[in-house]
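below are the sequence and a predicted model; questions follow.
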Amino acid sequence: MVCIIGPNGAGKTTLLRTLSGLNRPSAGSILFKGQPVAGMKPYQMARLGLGHCPEGRRVFQHLSIEENLITGYVAGRGKRFDELRDEVFALFPILGERRPQSASRLSGGQQQMLAIGRALMGSPELLLLDEPSLGLAPIIIHQIFEIVLKLAESGVSIILVEQNIDLSFQVADYVYALEHGSLQCSGPATKMAADARIKDIFLPTADGH
Ligand SMILES: Nc1ncnc2c1ncn2[C@@H]1O[C@H](COP(=O)(O)OP(=O)(O)OP(=O)(O)O)[C@@H](O)[C@H]1O
Ligand SMILES: [Mg+2]
């Protein structure tokens, strides 16, 4: 699990959107499983095994839980729709219990679970998670992160974007810190937790440096 941290406007969402083909890079290259993928369309990235759970969850409010999962399904990746759906319901039992209900009736935490579940419907090898903790109560964040860790243990690679740096250092193996659209520093989570530069990035002094 790799974590990308950085203050508001650092470019974290832009980076994830570029990886999944929603933004086009103006320069540079992107390799996925050794293959150059810069400029590919989002549906092509999904077929290659990239799942994206976007910032702000973005579930389809007027569709049911099950219909939201249908929108995430990617055919041809080895698993049938009903197999994947049942895996999502096993991870998040509340979604199974409420499956005919419209997503608009779910709490913020449940919508975040649904957004992660939708991304899992593509049977991803790499899952991008954009601030899954945003606006949620600590107990719900804890529940969601238990599942994220379980996914990582089951072999899914994860790129997690977080502003909650304590949480990032707890769960990540490796951390990259962005600021102003560029990489400031990176390293193993255990080392980065003690790095003074992290404090500089998140707690700038009054003169802005
Ligand atoms: N590498 C870059 N070069 C130039 N502009 C960038 C770059 N990355 C991001 N931006 C611009 O910076 C702005 C903020 O980026 P973005 O939304 O990705 O930040 P963020 O880190 O996700 O912030 P937040 O924590 O608020 O979600 C956007 O307008 C985006 O277009
Ligand atoms: Mg963002």
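Yep, it's here. Numbers count the residues shown, from 1 in each chain. Ligands and ions are numbered 1, 2, ... in the order given.

all contacts plus neighbour counts: C-alpha atoms, from now on.
OK.

from Glu146, how far off is the spatially closest residue to Ala103 that is not a sequence neighbour?
Spatially, and ignoring its direct neighbours in sequence, Ala103 is nearest to Gln61 (4.9 Å; C-alpha to C-alpha, 6 or more residues apart in numbering). To Glu146, Gln61 is 25 Å away according to C-alpha to C-alpha, to the nearest Å.

again, but for Gly49
In terms of C-alpha to C-alpha, Gly49 sits 22 Å off from Glu146.

among the two, which residue is more densely surrounded?
Ranked by neighbour count (other C-alpha atoms under 10 Å), Gly49 and Glu146 place Gly49 first, with 19 against 13.

how confident was the prediction at that one?
Note on Gly49: pLDDT of 97.

repeat that for Phe202.
Confidence for Phe202, expressed as pLDDT, is 74.

please state the offset of stretch 81-91 from the chain centre?
19 Å (C-alpha atoms, centre = their mean, to the nearest Å).

return the set of buried residues in it.
Residues of stretch 81-91 classed as buried: Phe81, Leu84, Arg85, Val88, Phe89, Leu91 (neighbour count, 16 or more other C-alpha atoms under 10 Å).

tell me the helix or strand right after the helix or strand containing Ala119.
Under the criterion of DSSP states H and E, Ala119 resides in helix 108-120. From helix 108-120 onward toward the C-terminus, using DSSP H and E, the following helix or strand is strand 126-130.

can that following strand be found next to ligand 1?
No. Applying C-alpha under 6 Å from any ligand atom, one finds strand 126-130 separated from ligand 1 by no less than 8.0 Å.

which strands or helices does the helix or strand following that strand pack on?
Tracing the chain past strand 126-130, the next element assigned as helix or strand by DSSP H and E is helix 138-153. Counting contacts by 3 or more C-alpha pairs under 8 Å, 6 or more residues apart in numbering; DSSP states H and E, helix 138-153 is packed against helix 108-120.

pull out the buried positions in the helix or strand bottoming out on mean pLDDT in the chain.
Across the helices and strands of the chain, mean confidence by mean pLDDT, DSSP states H and E is lowest for helix 196-202: a mean of 77. Buried residues in helix 196-202, counted by 16+ other C-alpha under 10 Å: Ile198, Ile201, Phe202.

all set, thanks.
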